[in-house]
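Asker: Pasting the sequence and the predicted model now:
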Amino acid sequence: MITRFHLLLLISCALVPSFVFGQQKRKVEHVKGEWVLSDDITPIQARENAINEAKVEALRQAGVPERITASNLLYHSDKPEQMKELFESLTTVAISGEVSEFTIEKEEKKLNEHSNIVYDVWINATVLIHKAAKDDGFNFEVKGIQDKYTSPDKLTFEVKPWKDGYLTAFIIGEKESAQLFPSTSERQVKLDAQKAYSFPLSKALEYEVSTENSMEINYLLLFYTKEDIPFMKEPTSQNILKFIAGVDPAEKCLKSFSLLIKKGNQ
């Protein structure tokens, strides 16, 4: 079972109208990526790297300029009804485009001419072409996120924005996801530049992480925008990732953190 993020006082996600900047969409098909297995990576990691390579190629084929950066978030929509893989290493173009969704058409392993195992993946992808470049001055600092948590444990963090803006926080897991902030218990507020904010904002509220398994990994997404852009859909991983991808880079800053939660006495 996926790690459960209990928001004390029974928080439920506020569903309000969403705002998505107009984007140009391009679909590309049968795009190949490959990765050679080596002693320092597992077959699963090689597969993920091959997917990332295919996504980079999809961006190129869609006409996105090749100013590529890496993040530790992976859009995965191979099976919308369940996210079988955790988010590991999204390859994205932060300047002018992103892979908003993709499906795996085919995958296989083979030996190359040097007798090395190669993992090949073919994907069909939808690429969003952004109109504006990323604003490097629109950023924020984060403190207090731990690499490991012991279930049950409190989740707290501090955000200090460089410029005024609005924060939306999501938790994405293997089977279920949630909007952490804002919520029915914590309203959206404008964050002032160079001022530190501790979350949860309400002193009467606690964020709690827990798991029924021996170990689980979830991801905390901190999405900072220049304008208040409400998220209105059901908080599934697919809806969250499409929502984030749909905002122009000039209007947003995203930071993601992996949370390793171990059951007590493990």
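Answerer: Sure, I can see it.

Asker: Show me where this structure has its helices.
Answerer: Ranges of helices within the chain are 43-61, 237-245, based on DSSP state H.

Asker: And these: which comes nearest Val189?
Answerer: Using C-beta to C-beta as the measure, helix 237-245 is the one of the helices of the chain that comes nearest Val189, at 19.7 Å. Yep, even glycine has a C-beta here, placed from its N, CA and C like the rest.

Asker: Run through this structure and note the low-pLDDT ranges.
Answerer: Residue ranges of the chain with pLDDT under 70: 1-23, 65-97, 130-133, 174-175, 265-266.

Asker: in the biggest strand by length in it, what's buried?
Answerer: If you go by DSSP state E, the chain has its longest strand at strand 97-111. Using 16 or more other C-beta atoms under 10 Å as the test for burial, strand 97-111 gives 97-102, 104-105, 107.

Asker: Kindly report the same for stretch 208-225.
Answerer: Buried residues in stretch 208-225 (16+ other C-beta under 10 Å): 209-211, 216-225.

Asker: Residues contacting stretch 129-147, please?
Answerer: 21-26, 62-64, 94-98, 156-163, 165, 167, 198, 220, 222, 224, 226, 248-253, 255, 257-260 (C-beta atoms under 8 Å, 6 or more residues apart in numbering).

Asker: how about the helices of the chain in CSV, adding distance to Gly33?
Answerer: Listed next are those as CSV, based on distance: least, C-beta to C-beta, whole Å:
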stretch, distance to Gly33
helix 43-61, 3
helix 237-245, 19
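
Asker: Save the buried residues of stretch 208-225 as a markdown table, and put in distance to Pro43 too.
Answerer: Formatted as a markdown table, the buried residues of stretch 208-225 follow (distance: C-beta to C-beta, whole Å):
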| residue | distance to Pro43 |
| --- | --- |
| Val209 | 30 |
| Ser210 | 31 |
| Thr211 | 26 |
| Glu216 | 22 |
| Ile217 | 19 |
| Asn218 | 24 |
| Tyr219 | 22 |
| Leu220 | 28 |
| Leu221 | 27 |
| Leu222 | 32 |
| Phe223 | 32 |
| Tyr224 | 36 |
| Thr225 | 38 |
